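Enquirer: got a structure for you, letters missing:
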Ligand SMILES: C[S@@+](CC[C@H](N)C(=O)[O-])C[C@H]1O[C@@H](n2cnc3c(N)ncnc32)[C@H](O)[C@@H]1O
């Protein structure tokens, strides 16, 4: 599940977007009960929508009703659009048709973790993304899913203009790491703005993706190794 720290950095990223005139929707594959979705939906501006997609079968069929109750309880039902669908059967045109007029500025991918699903969901996110938008990937360094990064790397071979600009470090073993991705032209913008907004969370080494500039690493624990 997404951690409070990840939600804070993600919401901060959406506020940076708004402050710089980057407009668009929020979308999430794997909305579940809305924990992360609702936190981010609160940052949306007039005319922007939160698009929640889930197949809503796990852990039981009542999950869609629980999400909708949470959207109402936390005051974001009016700006939300919920779609029950298997992401493997979706097309980007369908997602964009749910809230016409804008593309997506923040797309969280948190559905099924097979290579087939992850590459499909990445392609959907990329096709829906505003030119200056962000794709956020969940569970990237999760010990239970150690090969997800291989799929992400393979995807970058087809979409070389996409770069990881920030790793949001894990809060604990289940509140796992996320990667934030943008087009190369927006890389410096996001790194500089996040460093300005979260100066106390910068892990000094950064992350080397062997693709040019180092990505920012934001963490609750900014120590380097202590070798005594
Ligand atoms: C770990 S939960 C997401 C947690 C949520 N994003 C959060 O941070 O609170 C993963 C979700 O992905 C959904 N999911 C799994 N396979 C899917 C698929 N093929 N299409 C759409 N949603 C899927 C599951 O139903 C589940 O609700």
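Expert: Yes, it's here. Because the structure is a prediction, the values reported are computed rather than measured.
Enquirer: in this protein, which spans are helices?
Expert: In the chain, the helices defined using DSSP state H lie at 4-19, 35-41, 63-73, 92-97, 115-128, 148-158, 187-197.
Enquirer: most neighbours per residue, which of those helices?
Expert: Comparing the helices of the chain by mean neighbour count (mean count of other Cβ atoms under 10 Å), helix 35-41 comes out on top with a mean of 23. Every residue, glycine included, has its C-beta placed from N, CA and C.
Enquirer: quick one: is that one near the ligand?
Expert: Yes: using Cβ under 6 Å from any ligand atom, we find that helix 35-41 touches the ligand at 35, 36.
Enquirer: what sits against residue 221?
Expert: 169, 203 (Cβ atoms under 8 Å, 6 or more residues apart in numbering).
Enquirer: ok, it to the ligand distance?
Expert: Per Cβ to the nearest ligand atom, to the nearest Å, residue 221 is found 21 Å from the ligand.
Enquirer: give me the below-cutoff pLDDT ranges for the chain.
Expert: Low-confidence segments of the chain (pLDDT under 70): 228.
Enquirer: any idea which residue sits dead centre in it?
Expert: Most central in the chain under Cα atoms, centre = their mean is residue 136, positioned 2.4 Å from the mean C-alpha point.
Enquirer: so how far is the ligand from it?
Expert: To the ligand, residue 136 is 10 Å away according to Cβ to the nearest ligand atom.
Enquirer: also residue 151?
Expert: From residue 151 to the ligand the distance is 15 Å (Cβ to the nearest ligand atom).
Enquirer: up against the ligand, what does the chain have?
Expert: Counting by Cβ under 6 Å from any ligand atom, the chain sits next to the ligand at 1-2, 29-30, 32, 35-36, 53-55, 58, 86-88, 110-112, 117.
Enquirer: from these, which land in strands?
Expert: 29, 53, 54 (DSSP state E).
Enquirer: before we move on, back to that, which one of the helices of the chain lies nearest to residue 203?
Expert: helix 187-197 (11.4 Å; Cβ to Cβ).
Enquirer: how far off helix 4-19 does the closest one point, in degrees?
Expert: Per axes from the mean of the first three to the mean of the last three Cα atoms, to 10 degrees, the angle that helix 187-197 makes with helix 4-19 is 120 degrees.
Enquirer: and helix 187-197, how far out from the chain's middle?
Expert: When C-alpha coordinates are averaged (Cα atoms, centre = their mean, to the nearest Å), helix 187-197 and its chain have centres 16 Å apart.
Enquirer: make CSV from the helices of the chain and add distance to residue 215 to it.
Expert: As requested, the helices of the chain are exported to CSV (distance: least, Cβ to Cβ, whole Å):
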stretch, distance to residue 215
helix 4-19, 13
helix 35-41, 21
helix 63-73, 32
helix 92-97, 26
helix 115-128, 17
helix 148-158, 13
helix 187-197, 8
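Enquirer: before I go, just wanted to say thanks for your time.
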